[in-house]
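> below is the sequence, then the predicted model.
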Amino acid sequence: MYVYDTLSRTEKNLDLNHDQVVRVFVCGPTVQDSFHIGHARTYTFFDAVVKYLRRKGYSVFYLQNITDIDDKIINRANEENVPYDVISRRYTEEFFDIMETLRINSVNFYAMATQHIHEIIRQIQVLVKKGYAYETTDGVYFSVTKFPDYGQLSGQDLESLRTGARVESSEEKRDPRDFVIWKKMKPGEPFWNSPWGNGRPGWHIEDTAITEKYFGPTYDIHGAGMDLIFPHHEAEVALERSISGEPYLSRYWIHSAMVNVNQEKMSKSLKNYVTIRKVLEDYLPEELRYALLNVQFRSNVNFTPDLLNEAKANVGAINTLYRKLKLKQPSHENSDENPEIRRLSEHVERNFDFRLVFRDLLELVGKWNVNLESLTPMEIATAIETIDWVDSFTCIIPRKKEDSTSDELISLLLRIRRSMREKKDFTGADEIRKSLRDMGITIEDRGEETIWWKS
RNA sequence: GGAUAGGUGGCAGAGCGGUUAUGCGUGGGACUGCAGAUCCCAUCUAUUAGGGUUCGAAUCCCUACCUAUCCUCCA
């Protein structure tokens, strides 16, 4: 398997160990506001990656943090005049709710920042003791120049960072490029006790404290959106490696690209974002997943109606065929190997190109549709197995609606409809068809017989 | 200005030196009582620009131009 690794800037052989747990960490959100398609993209992508790895037999521990204390949360709380945790809880709940709806369920553990204050303080203590961090009147800072590899991950050199300094420089910072790891509280702000007085953690150290607790000083895969490469991940590397002395933090760095609107990054500040909830008013979660996975992960996507409509059309086509196949009699013999799956898996294993998987699956769907009536039981089994396999990590086959209609009743209705049609009572026949559709049952007249399925 | 990706038909996107992929859209047709689903045909005959290498380039090299992300909080 190959993945593009940000640090080495090359496609690297993804060399994971089947005998050990594969440790994957992906940066979670700051729970300060509603979530948009940008979030959906990142988390859907890594969900599919982890599901694929598991499918392949790896035992993956997928860890994600949740930033539940942060300036933005405090600001929001002040605007609404409520305690900060009213905000963080509200959006944490919304986040979990959306994750569930989008079928993003591969994360083993969500680590909340505020539940790891101890670990954070311990890391800061080590950094201060080793001389990597220093205290000022408003906080504790990490001294960037003490870490020679700073800038390596993002391809920045320290000098150009200095000249580009849009960094707001606090007077007491020894270097404008230094970053906070502990913020001392201002009146009215939430706080935790620490050796440096009351305050709260900086963002970067939150993640290293969490990953160190669950994974130790190094782990296998670190993922997130590309916008976090600098300074966030750069800072994580500096912090953890300064503490551990190890030559690396994560063996692989996988960064997914942005979602754009009118060629611009979807973001809060530009007010050009579309919330996930909004999209789910008109599209199925599976259609959104398809749309987002139908793009190479390192390419930006422009978010347009076309993108979703194409996904809708394709998900519909795959699903319809899938339901029809399910009505047939597949062979139950064990086939040695499914050649289609082998071919499709090559796409996944070359840079997780789910898009190519979809493309080839669609071609197969066309082929199966043409021969639908003449497929052998073996071919039916292969087709179903192939779609199931793709669905096992992409989750694009819409779930059936909960239903209570019995098969016998449906058959009865269809018999009645048949006799109506024979008597040319098409109005009545169409009414039955429409009612069944409303109940999530699709029917299809095929000459003498009528087939149906629940979708 | 620096770092990193890119620039292919109406849109999305393959191709990695030698068949105008493919999907969506659009038009037409088959099937159907009508739908739906599916299929067939067509449409679009595209590769940012200019040089170069080559028998031959979307594909390699150079130059220019353009776009996105990051260099500040951000998935």
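Ah, there it is. Quick caveat: nothing in here was measured; it's all calculated off a predicted structure. Numbering: from 1, shown residues only, chains lettered A, B, ... in the order given.
> tell me the domain boundaries of chain A?
Per the record, chain A has its domains at A:2-265, A:307-394, A:407-454, by automatic domain parsing.
> highest mean neighbour count out of these?
Highest mean neighbour count of the domains of chain A: domain A:2-265, a mean of 18 (counted as mean count of other CB atoms under 10 Å). Heads up, the C-betas are built off the backbone N, CA and C, glycines and all.
> wait, isn't residue A:428 in contact with residue A:420?
Yes. Using CB atoms under 8 Å, residue A:428 is in contact with residue A:420, at 4.6 Å.
> show me the contact partners of the one helix or strand residue A:66 maps to.
Per DSSP states H and E: residue A:66 is located in strand A:60-66. If you take CB atoms under 8 Å, 6 or more residues apart in numbering as the criterion, strand A:60-66 is touched by A:21-29, A:31, A:46, A:50, A:53-54, A:92, A:95, A:106-113, A:206-207, A:210-211, A:214-215.
> what helix or strand does residue A:428 sit in?
Assignment of secondary structure by DSSP H and E places residue A:428 within helix A:426-438.
> relative to the whole chain's centre, how far out is stretch A:370-381?
Computed by CA atoms, centre = their mean, to the nearest Å, the chain-centroid distance of stretch A:370-381 equals 35 Å.
> may I have the distance across it, first residue to last?
End-to-end distance for stretch A:370-381: 16 Å, by CA to CA, to the nearest Å.
> kindly report the same for stretch A:439-449.
Start and end residues of stretch A:439-449 are separated by 21 Å (CA to CA).
> what about residue A:56, distance to residue A:276?
Here residue A:56 is placed at a distance of 28 Å from residue A:276 (CB to CB, to the nearest Å).
> okay, stretch A:11-30 in CSV with CA atoms only?
Taking Å, rounded to 0.1, in the frame of the first residue of the first chain, the C-alpha atoms of stretch A:11-30 are listed here in CSV:
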residue,chain,number,x,y,z
GLU,A,11,4.3,8.4,-1.8
LYS,A,12,5.5,6.0,0.9
ASN,A,13,5.0,2.4,1.3
LEU,A,14,2.5,2.1,4.1
ASP,A,15,4.3,-0.5,6.1
LEU,A,16,2.1,-1.5,9.0
ASN,A,17,2.4,-4.5,11.4
HIS,A,18,-0.3,-7.1,11.5
ASP,A,19,0.8,-8.3,14.8
GLN,A,20,0.6,-5.0,16.6
VAL,A,21,-2.1,-2.5,17.0
VAL,A,22,-2.0,0.3,14.4
ARG,A,23,-2.3,3.6,16.1
VAL,A,24,-4.1,6.3,14.2
PHE,A,25,-4.7,9.8,15.5
VAL,A,26,-6.8,12.3,13.7
CYS,A,27,-7.4,15.9,14.9
GLY,A,28,-10.9,16.4,16.0
PRO,A,29,-12.9,19.6,15.9
THR,A,30,-13.1,22.5,18.2
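> so does that stretch get close to RNA strand B?
Yes. Contact of stretch A:11-30 with RNA strand B (CB under 7 Å from any atom of the strand) involves A:27-30.
> how about residue A:299: what's its closest non-neighbour residue?
Nearest residue to residue A:299, sequence neighbours excluded (CB to CB, 6 or more residues apart in numbering): residue A:257, at 5.5 Å.
> got the residues of the stretch 101-250 of chain A near RNA strand B?
Residues of the stretch 101-250 of chain A found near RNA strand B (CB under 7 Å from any atom of the strand) are A:154-157, A:160-161, A:164-167, A:179, A:203, A:224-232.
> filter those residues down to the ones in helices?
If you go by DSSP state H, those have A:160-161, A:203 in helices.
> go ahead and confirm residue A:289 touches residue A:396.
Yes. Counting by CB under 8 Å, residue A:289 does reach residue A:396; the two are 5.7 Å apart.
> so where is chain A shaky, pLDDT-wise?
Scanning chain A with the threshold set as pLDDT under 70 gives A:162-171.
> who touches stretch A:353-373?
So stretch A:353-373 is contacted by A:48, A:290, A:293-296, A:314, A:317-318, A:321, A:324-325, A:340, A:343-344, A:347-348, A:375, A:379, A:383, A:386-387, A:390, A:394 (CB under 8 Å, 6+ apart).
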